[in-house]
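J.: quick check, what structure comes out for this input:
(one chain, ligands or ions: 1)
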Amino acid sequence: MLEVNGVNSFYGKAQVLNDLNFDVASGTVVALLGRNGAGKTTTMKSIMQLVRPRKGKIIYQGQDITGWPSHKVARNGLGYVPEERRIFTQLTVLENLEVGRQPPRDGCTTWTEDMVFDLFPNLAERRHNRGKALSGGEQQMLTIARTLMGNPAFILLDEPSEGIAPVIVEQMARVILQLKDEGLTVLLSEQNLHFAQAVADAVVIIEHGTQKFAGSLASLQSQPEIRDQYLSV
Ligand SMILES: Nc1ncnc2c1ncn2[C@@H]1O[C@H](COP(=O)(O)OP(=O)(O)OP(=O)(O)O)[C@@H](O)[C@H]1O
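T.: Numbering: from 1, shown residues only. So this is what the prediction gives:
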(Lines give C-alpha, C1' and ligand atoms only; values in the text may rest on other atoms or scores of the structure.)
Protein backbone atom coordinates (compact mmCIF):
# COMPACT_ATOMS: atom_id res chain seq x y z
CA MET A 1 0.00 0.00 0.00
CA LEU A 2 2.83 2.36 0.93
CA GLU A 3 6.42 2.07 -0.22
CA VAL A 4 9.27 4.13 1.13
CA ASN A 5 11.91 3.74 -1.58
CA GLY A 6 15.46 4.91 -0.91
CA VAL A 7 14.33 8.03 0.93
CA ASN A 8 16.92 10.64 1.95
CA SER A 9 15.71 13.74 3.76
CA PHE A 10 17.53 16.81 4.99
CA TYR A 11 16.98 19.87 7.15
CA GLY A 12 19.08 22.42 5.31
CA LYS A 13 22.47 20.81 4.87
CA ALA A 14 21.96 18.26 7.64
CA GLN A 15 21.01 14.83 6.38
CA VAL A 16 18.51 13.22 8.72
CA LEU A 17 17.32 10.16 6.74
CA ASN A 18 19.67 7.87 4.83
CA ASP A 19 18.18 5.55 2.23
CA LEU A 20 15.12 4.34 4.09
CA ASN A 21 13.44 1.37 2.39
CA PHE A 22 10.34 -0.26 3.79
CA ASP A 23 6.77 -1.18 2.86
CA VAL A 24 3.55 -0.92 4.78
CA ALA A 25 1.10 -3.59 3.62
CA SER A 26 -2.60 -2.78 3.40
CA GLY A 27 -4.55 -3.48 6.58
CA THR A 28 -1.49 -3.87 8.79
CA VAL A 29 -0.08 -1.92 11.73
CA VAL A 30 3.60 -1.05 11.34
CA ALA A 31 5.62 0.47 14.18
CA LEU A 32 8.52 2.75 13.40
CA LEU A 33 10.84 2.35 16.34
CA GLY A 34 13.92 4.24 17.38
CA ARG A 35 15.31 6.34 20.17
CA ASN A 36 14.77 10.05 20.64
CA GLY A 37 16.05 11.90 17.57
CA ALA A 38 16.39 8.75 15.41
CA GLY A 39 14.31 10.29 12.62
CA LYS A 40 10.84 8.85 13.19
CA THR A 41 9.01 12.16 12.91
CA THR A 42 11.04 13.12 9.86
CA THR A 43 10.07 9.81 8.23
CA MET A 44 6.40 10.57 8.79
CA LYS A 45 6.83 14.12 7.52
CA SER A 46 8.66 12.79 4.48
CA ILE A 47 5.72 10.49 3.70
CA MET A 48 3.31 13.42 4.07
CA GLN A 49 5.63 15.66 2.01
CA LEU A 50 5.88 18.12 4.90
CA VAL A 51 9.60 17.44 4.47
CA ARG A 52 10.44 16.81 0.81
CA PRO A 53 12.74 13.81 0.34
CA ARG A 54 15.78 14.99 -1.61
CA LYS A 55 16.30 11.52 -3.01
CA GLY A 56 14.00 8.51 -3.23
CA LYS A 57 10.28 8.08 -3.62
CA ILE A 58 7.10 7.61 -1.66
CA ILE A 59 4.70 5.34 -3.52
CA TYR A 60 1.13 5.19 -2.22
CA GLN A 61 -1.29 2.72 -3.79
CA GLY A 62 0.99 2.42 -6.78
CA GLN A 63 1.20 6.18 -7.32
CA ASP A 64 4.35 8.24 -6.86
CA ILE A 65 3.30 10.99 -4.44
CA THR A 66 6.80 12.45 -3.99
CA GLY A 67 6.73 16.20 -4.41
CA TRP A 68 2.95 16.49 -4.07
CA PRO A 69 1.66 19.31 -1.88
CA SER A 70 0.87 17.91 1.59
CA HIS A 71 -2.81 18.82 1.40
CA LYS A 72 -3.11 16.74 -1.77
CA VAL A 73 -1.41 13.80 -0.01
CA ALA A 74 -3.98 14.14 2.80
CA ARG A 75 -6.88 14.34 0.34
CA ASN A 76 -5.60 11.14 -1.20
CA GLY A 77 -6.40 9.29 2.03
CA LEU A 78 -3.36 9.71 4.29
CA GLY A 79 -4.23 11.11 7.71
CA TYR A 80 -1.35 12.44 9.81
CA VAL A 81 -1.57 12.84 13.58
CA PRO A 82 1.51 14.81 14.66
CA GLU A 83 3.16 14.40 18.02
CA GLU A 84 2.16 17.85 19.17
CA ARG A 85 -1.58 17.83 19.68
CA ARG A 86 -3.07 20.33 17.32
CA ILE A 87 -6.59 20.71 18.56
CA PHE A 88 -8.49 23.99 18.58
CA THR A 89 -8.53 24.86 22.26
CA GLN A 90 -11.33 27.41 21.96
CA LEU A 91 -13.64 25.05 20.07
CA THR A 92 -15.68 22.27 21.66
CA VAL A 93 -14.97 18.60 21.05
CA LEU A 94 -17.87 18.44 18.57
CA GLU A 95 -16.67 21.57 16.76
CA ASN A 96 -13.14 20.14 16.54
CA LEU A 97 -14.57 17.02 14.91
CA GLU A 98 -16.60 19.12 12.47
CA VAL A 99 -13.40 20.89 11.35
CA GLY A 100 -11.93 17.51 10.36
CA ARG A 101 -14.90 16.30 8.34
CA GLN A 102 -14.21 15.38 4.71
CA PRO A 103 -16.42 13.82 2.04
CA PRO A 104 -16.78 10.01 2.02
CA ARG A 105 -13.99 8.12 0.30
CA ASP A 106 -14.45 4.96 -1.78
CA GLY A 107 -13.44 1.82 0.07
CA CYS A 108 -13.00 3.61 3.42
CA THR A 109 -15.14 3.86 6.53
CA THR A 110 -17.19 7.06 6.57
CA TRP A 111 -16.80 8.22 10.15
CA THR A 112 -19.57 9.98 12.05
CA GLU A 113 -19.38 11.67 15.44
CA ASP A 114 -21.22 8.74 17.00
CA MET A 115 -18.70 6.29 15.58
CA VAL A 116 -15.72 8.20 16.94
CA PHE A 117 -17.48 8.54 20.30
CA ASP A 118 -17.89 4.73 20.35
CA LEU A 119 -14.15 4.50 19.84
CA PHE A 120 -13.35 7.19 22.43
CA PRO A 121 -16.05 7.11 25.14
CA ASN A 122 -14.20 9.77 27.18
CA LEU A 123 -14.73 12.23 24.34
CA ALA A 124 -18.45 11.43 24.21
CA GLU A 125 -18.79 12.62 27.80
CA ARG A 126 -16.84 15.76 26.96
CA ARG A 127 -18.51 16.58 23.64
CA HIS A 128 -19.60 20.09 24.68
CA ASN A 129 -16.35 20.94 26.50
CA ARG A 130 -13.77 23.18 24.92
CA GLY A 131 -10.48 21.66 23.84
CA LYS A 132 -8.57 23.53 26.50
CA ALA A 133 -10.56 21.75 29.25
CA LEU A 134 -9.37 18.31 28.12
CA SER A 135 -6.53 16.32 29.67
CA GLY A 136 -3.43 15.54 27.59
CA GLY A 137 -4.72 12.04 26.87
CA GLU A 138 -8.12 13.36 25.81
CA GLN A 139 -6.46 15.92 23.55
CA GLN A 140 -4.46 13.12 21.97
CA MET A 141 -7.68 11.17 21.38
CA LEU A 142 -9.37 14.21 19.92
CA THR A 143 -6.50 14.72 17.48
CA ILE A 144 -6.92 11.13 16.28
CA ALA A 145 -10.72 11.41 16.22
CA ARG A 146 -10.56 14.58 14.14
CA THR A 147 -8.22 12.89 11.66
CA LEU A 148 -10.65 9.96 11.38
CA MET A 149 -13.41 12.43 10.39
CA GLY A 150 -11.37 12.91 7.20
CA ASN A 151 -12.07 9.21 6.34
CA PRO A 152 -8.45 8.20 5.79
CA ALA A 153 -7.38 4.84 4.38
CA PHE A 154 -3.96 5.16 5.99
CA ILE A 155 -3.21 6.84 9.28
CA LEU A 156 0.18 7.99 10.59
CA LEU A 157 0.36 8.33 14.37
CA ASP A 158 3.43 10.04 15.78
CA GLU A 159 4.10 8.68 19.28
CA PRO A 160 0.47 8.04 20.24
CA SER A 161 1.43 6.76 23.70
CA GLU A 162 3.76 9.66 24.54
CA GLY A 163 2.99 11.64 27.67
CA ILE A 164 -0.31 10.01 28.54
CA ALA A 165 -1.39 8.07 31.62
CA PRO A 166 -0.87 4.26 31.59
CA VAL A 167 -4.61 3.53 31.61
CA ILE A 168 -5.04 5.76 28.53
CA VAL A 169 -2.08 4.04 26.86
CA GLU A 170 -3.96 0.74 27.14
CA GLN A 171 -7.03 2.36 25.68
CA MET A 172 -4.92 3.77 22.85
CA ALA A 173 -3.64 0.29 22.02
CA ARG A 174 -7.22 -1.00 21.85
CA VAL A 175 -8.18 1.89 19.57
CA ILE A 176 -5.34 1.12 17.17
CA LEU A 177 -6.47 -2.50 16.93
CA GLN A 178 -10.05 -1.34 16.33
CA LEU A 179 -8.84 0.93 13.53
CA LYS A 180 -7.14 -2.07 11.98
CA ASP A 181 -10.42 -4.00 12.26
CA GLU A 182 -12.09 -1.14 10.39
CA GLY A 183 -9.66 -1.82 7.55
CA LEU A 184 -7.32 1.11 8.15
CA THR A 185 -3.61 0.77 7.60
CA VAL A 186 -1.55 2.27 10.43
CA LEU A 187 2.02 3.52 10.67
CA LEU A 188 2.91 4.62 14.17
CA SER A 189 6.12 5.81 15.72
CA GLU A 190 7.23 4.73 19.15
CA GLN A 191 10.33 4.87 21.34
CA ASN A 192 9.39 1.96 23.49
CA LEU A 193 8.95 -1.58 22.30
CA HIS A 194 6.29 -2.39 24.87
CA PHE A 195 3.46 -0.46 23.19
CA ALA A 196 4.54 -1.57 19.71
CA GLN A 197 4.42 -5.20 20.77
CA ALA A 198 0.79 -4.83 21.76
CA VAL A 199 -0.35 -3.54 18.38
CA ALA A 200 2.15 -3.99 15.55
CA ASP A 201 2.32 -6.66 12.86
CA ALA A 202 5.66 -5.42 11.60
CA VAL A 203 8.45 -3.20 12.83
CA VAL A 204 10.97 -0.84 11.26
CA ILE A 205 13.88 0.27 13.44
CA ILE A 206 15.86 3.39 12.65
CA GLU A 207 18.91 4.82 14.33
CA HIS A 208 20.55 8.10 13.34
CA GLY A 209 18.30 8.13 10.27
CA THR A 210 19.50 4.73 9.07
CA GLN A 211 17.30 1.69 8.88
CA LYS A 212 18.59 -1.13 11.08
CA PHE A 213 15.76 -3.62 10.85
CA ALA A 214 12.53 -4.20 8.95
CA GLY A 215 10.46 -7.30 9.47
CA SER A 216 7.65 -8.94 11.37
CA LEU A 217 7.22 -8.42 15.09
CA ALA A 218 7.83 -12.15 15.57
CA SER A 219 11.15 -11.96 13.76
CA LEU A 220 12.24 -9.02 15.95
CA GLN A 221 11.21 -10.92 19.06
CA SER A 222 13.39 -13.84 18.00
CA GLN A 223 16.43 -11.52 17.76
CA PRO A 224 16.80 -9.94 21.21
CA GLU A 225 20.26 -8.59 20.33
CA ILE A 226 18.70 -6.19 17.79
CA ARG A 227 16.15 -5.06 20.34
CA ASP A 228 18.83 -4.48 22.98
CA GLN A 229 21.10 -2.59 20.60
CA TYR A 230 18.62 -0.14 19.15
CA LEU A 231 15.69 0.21 21.50
CA SER A 232 15.01 1.33 25.02
CA VAL A 233 13.13 -1.50 26.66
N1 LIG B 1 13.23 21.37 11.89
C2 LIG B 1 14.42 20.80 12.10
N3 LIG B 1 15.56 21.40 11.73
C4 LIG B 1 16.77 20.83 11.90
N5 LIG B 1 16.94 19.62 12.47
C6 LIG B 1 15.85 18.96 12.86
C7 LIG B 1 14.53 19.51 12.70
N8 LIG B 1 13.63 18.61 13.18
C9 LIG B 1 14.36 17.56 13.62
N10 LIG B 1 15.67 17.76 13.43
C11 LIG B 1 16.77 16.81 13.75
O12 LIG B 1 16.57 15.66 12.96
C13 LIG B 1 16.87 14.48 13.70
C14 LIG B 1 15.67 13.55 13.66
O15 LIG B 1 14.60 14.15 14.34
P16 LIG B 1 13.15 13.50 14.41
O17 LIG B 1 12.25 14.47 15.10
O18 LIG B 1 12.74 13.01 13.09
O19 LIG B 1 13.42 12.25 15.36
P20 LIG B 1 12.42 11.34 16.16
O21 LIG B 1 12.95 9.97 16.03
O22 LIG B 1 11.05 11.59 15.73
O23 LIG B 1 12.62 11.82 17.63
P24 LIG B 1 11.56 12.31 18.73
O25 LIG B 1 11.32 11.10 19.52
O26 LIG B 1 12.32 13.35 19.47
O27 LIG B 1 10.37 12.84 18.02
C28 LIG B 1 17.27 14.95 15.08
O29 LIG B 1 18.67 14.99 15.14
C30 LIG B 1 16.69 16.33 15.18
O31 LIG B 1 17.46 17.13 16.03
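J.: in this protein, which helix or strand is least confident?
T.: In the chain, the helix or strand scored least confidently by mean pLDDT, DSSP states H and E is helix 224-230, which has a mean of 86.
J.: which bits of this structure sit near the ligand?
T.: Listed as neighbours of the ligand in the chain under the rule C-beta under 6 Å from any ligand atom: 11, 14, 16, 34, 36-42, 83, 191. In this view, the C-beta of every residue, glycine as well, is placed from N, C-alpha and C.
J.: among those, which ones are in strands?
T.: If you go by DSSP state E, the residues of the chain next to the ligand have 11, 14, 16 in strands.
J.: can you map out the helices along this protein?
T.: For the chain, the helices defined by DSSP state H occupy 40-48, 70-75, 93-100, 113-119, 121-125, 136-148, 166-181, 193-199, 217-221, 224-230.
J.: want to try a markdown table for those helices, with mean neighbour count as columns?
T.: A markdown table is the format used below for the helices of the chain (neighbours: other C-beta atoms under 10 Å):
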| stretch | mean neighbour count |
| --- | --- |
| helix 40-48 | 23 |
| helix 70-75 | 15 |
| helix 93-100 | 18 |
| helix 113-119 | 16 |
| helix 121-125 | 15 |
| helix 136-148 | 23 |
| helix 166-181 | 16 |
| helix 193-199 | 20 |
| helix 217-221 | 16 |
| helix 224-230 | 13 |
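J.: hey, least reliable of those by pLDDT?
T.: Sorting those by mean pLDDT places helix 224-230 lowest, at a mean of 86.
J.: tell me how far it lies from the chain's centre.
T.: From the chain centre to the centre of helix 224-230 is a distance of 23 Å (C-alpha atoms, centre = their mean, to the nearest Å).
J.: name the residues that touch that helix?
T.: Helix 224-230 is contacted from outside by 33, 34, 35, 193, 205, 207, 212, 213, 220, 221, 233, using C-beta atoms under 8 Å, 6 or more residues apart in numbering.
J.: of the residues you listed, grab the buried ones for PyMOL.
T.: Burial among the contacts of helix 224-230 is assessed by 16 or more other C-beta atoms under 10 Å; the matching PyMOL selection reads:
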select buried, resi 33+34+35+193+205+207+212+213+220
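J.: rewinding a little: which among the ones in strands among the residues of the chain next to the ligand count as buried?
T.: residue 16.
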